[in-house]
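Q: what follows is a predicted protein model with its sequence.
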Amino acid sequence: MKKLFRMVGFCLLAASIFSACDSDDSKMAKVKVLLVDAPADYEKVLIDLVDVEVKTDIWESLDGVEKKVYDILKLTNGEEALLGEIELPEGELNEIRLILGDNNKLGINGEEVDLNTPSASQSGLKIKLDAMLEEGVTYKLVLDFDAAKSIVKAGNSGKYNLKPVIRAHMEAQTGAIKGMIDPIDTDCVVYAIVGTDSISTYANEEGKFLIRALDANTYRVVAVPTVESGLVEVEKADVDVSIGEVTDAGTLTFLPVEAAN
């Protein structure tokens, strides 16, 4: 028990073996958005990115979007650009759009020519998703920009238009564990432990807990009450976590010290 109580201090200090200390205040999922490109027979394809927004009930901007010009032809052979990330309520994610500025260029025959994107600075380049998000799960949304199919020469004018062909692929990266404590008002820390690594959280006012961002593995779930509570820690072994799923660990019921002895 002393070892587990020392672990509380490590979590609060954000030691390297503790990757998160999350509360279950809301049912949220995390989405990271990345951009990659299929090869094309051009020298450069420069995309002036201003914003990236996702749509659930409303349009929301990603966190950490860097306004810059990307040469998407460099995003091949395993190279990718992290555009940003966002936490969203569980449920359906309908659409994402890239808002572009005016500095979009095509490199061809040693020159840079304007790449016409008439709607990209207003309504944006929209990609349908219709993906379902589950609480506690981290997702990677990969936008595969097919430059070869997206750039269209406008007759003999020497001008080029961008009619984007973008494939969106959503994949779950982590799983989670949820459960309850009883009594629900017990002051405690709940751990998911595998080997010497641990991730911790606290139960909310309803006694519910959610431990997020877990790799696929088999965990011990241990709830450690404060000394003042007069209760002993409780453990549930062999809790299996799969990517993209939230495993229900059930109810962890505390016993008084005298009853446990």
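A: Done, it's in.

Q: what pLDDT does the closest residue to residue 82 other than its chain neighbours get?
A: Among residues not flanking residue 82 along the chain, residue 34 sits closest, at 5.5 Å (Cβ to Cβ, 6 or more residues apart in numbering). All C-beta atoms are positioned from the backbone trio N, CA, C, and that covers glycine. Listed pLDDT for residue 34 reads 94.

Q: in which helix or strand does residue 34 reside?
A: strand 28-38 (DSSP states H and E).

Q: right, and residue 213 touches residue 192 too?
A: No. Judged on Cβ atoms under 8 Å, residue 213 makes no contact with residue 192 at a distance of 9.9 Å.

Q: between these two, who's got more neighbours?
A: Shown here are residue 213 and residue 192; by other Cβ atoms under 10 Å, residue 192 has more neighbours (25 against 17).

Q: give the residues shared as contacts by residue 213 and residue 192.
A: residue 199 (Cβ atoms under 8 Å, 6 or more residues apart in numbering).

Q: what are the structural domain limits within this structure?
A: In terms of domains, the chain is parsed into 28-172, 174-260 (source: automatic domain parsing).

Q: can you check the pLDDT for the nearest residue to residue 109 once chain neighbours are set aside?
A: In space, and not counting its chain neighbours, residue 109 is closest to residue 43: 7.9 Å by Cβ to Cβ, 6+ apart. Residue 43 carries a pLDDT value of 93.

Q: check residue 37 too.
A: 88.

Q: next one: it from residue 143, what distance?
A: Using Cβ to Cβ, to the nearest Å, residue 37 is found at 9 Å from residue 143.

Q: ok, now residue 92?
A: Relative to residue 143, residue 92 is positioned 18 Å away (Cβ to Cβ).

Q: more neighbours: the two, which one.
A: Applying other Cβ under 10 Å to residue 92 and residue 143 shows that residue 143 carries more neighbours, namely 24 against 14.

Q: go ahead and confirm that one touches residue 168.
A: Yes. Between residue 143 and residue 168 there is a contact under Cβ under 8 Å: 5.7 Å.

Q: so in terms of bridging, what pairs with residue 192?
A: Taking DSSP bridges as the rule, residue 192 bridges to residue 199, residue 221.

Q: which elements pack onto the strand holding residue 34?
A: For strand 28-38, the packing partners by 3 or more Cβ pairs under 8 Å, 6 or more residues apart in numbering; DSSP states H and E come out as strand 44-55, strand 81-89, strand 138-146, helix 147-150.

Q: now residue 236: closest residue in space, sequence neighbours ignored.
A: residue 221 (4.7 Å).

Q: state the mean pLDDT of stretch 102-117.
A: 90.

Q: which residues sit against that stretch?
A: If you take Cβ under 8 Å, 6+ apart as the criterion, stretch 102-117 is touched by 42-48, 69, 100, 120-121, 125, 151, 154, 158-162.

Q: now do 10 Å
A: 40-50, 68-69, 71, 73, 98, 100-101, 120-121, 124-125, 147, 150-154, 158-164 (Cβ atoms under 10 Å, 6 or more residues apart in numbering).
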